[in-house]
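*Asks:* Here is a sequence with its predicted model. Questions after.
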Amino acid sequence: MIRQPAAYLLLNGSIVILIGLLTGLPLKTAIVKQRGNVNAWRVAHSVLVMDGLLMLVVGSTLPRLLMDGCAVWVLVGSLIAAGYGFVIAFTLGAWKGVRGLTVKPYGLNTILFMAHSVGAAGSLLGVTIMVYGSLKIFF
């Protein structure tokens with residue numbers, strides 16, 4: 001039986017992968033019609049599928065890690081927040097043609113910058129906790 005934290009990661013990882021696969025449709029259109037930002041859609045497509053796969057892998061291995069409940073929930077929460085932060089940042093950015101790599105100009109760029117920041121910080125925190133839980137198996 002799958003524990004509840006792992007189930008959350010599996011569900012949300014599957015949703016992020018689904019959104020990543022759906023970004024393949026505008027990617028195809030941008031390639032065929034040779035308009036739109038092909039590179040932005042390609043990045044959105046690949047990053048979201050990879051991030052969703054990360055969530056599935058962590059969710060699948062979560063029951064084997066030696067961590068207390070608080071660390072598990074921080075791991076799960078950070079990876080889910082990262083996944084949806086990247087969903088917002090990459091899909092909205094590709095759709096509107098904005099990168100969001102800096103805060104300025106204020107507006108949509110600021111929102112995308114914050115979404116990228118949530119994605120990056122959540123991924124870094126989640127993977128760091130995953131390494132910690134993995135190391136505890138050996139020591």
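*Replies:* Received, thanks.
*Asks:* Would you map the strands across this structure?
*Replies:* For the chain, no strands are identified by DSSP state E.
*Asks:* Now stretch 110-125: buried residues?
*Replies:* 111, 112, 113, 115, 116, 118, 119, 122, 123, 125 (16 or more other CB atoms under 10 Å). All C-beta atoms are positioned from the backbone trio N, CA, C, and that covers glycine.
*Asks:* got a markdown table for those residues, with distance to residue 103 and pLDDT too?
*Replies:* Output for the buried residues of stretch 110-125, formatted as a markdown table (distance: CB to CB, whole Å; pLDDT from 0 to 100):
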| residue | distance to residue 103 | pLDDT |
| --- | --- | --- |
| 111 | 10 | 92 |
| 112 | 10 | 92 |
| 113 | 5 | 93 |
| 115 | 12 | 95 |
| 116 | 11 | 94 |
| 118 | 14 | 96 |
| 119 | 16 | 96 |
| 122 | 19 | 97 |
| 123 | 20 | 96 |
| 125 | 21 | 96 |
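*Asks:* Farthest-apart pair in the residues you listed, please.
*Replies:* For the buried residues of stretch 110-125, the farthest-apart pair by CB to CB is 111 and 125; their separation is 21.1 Å.
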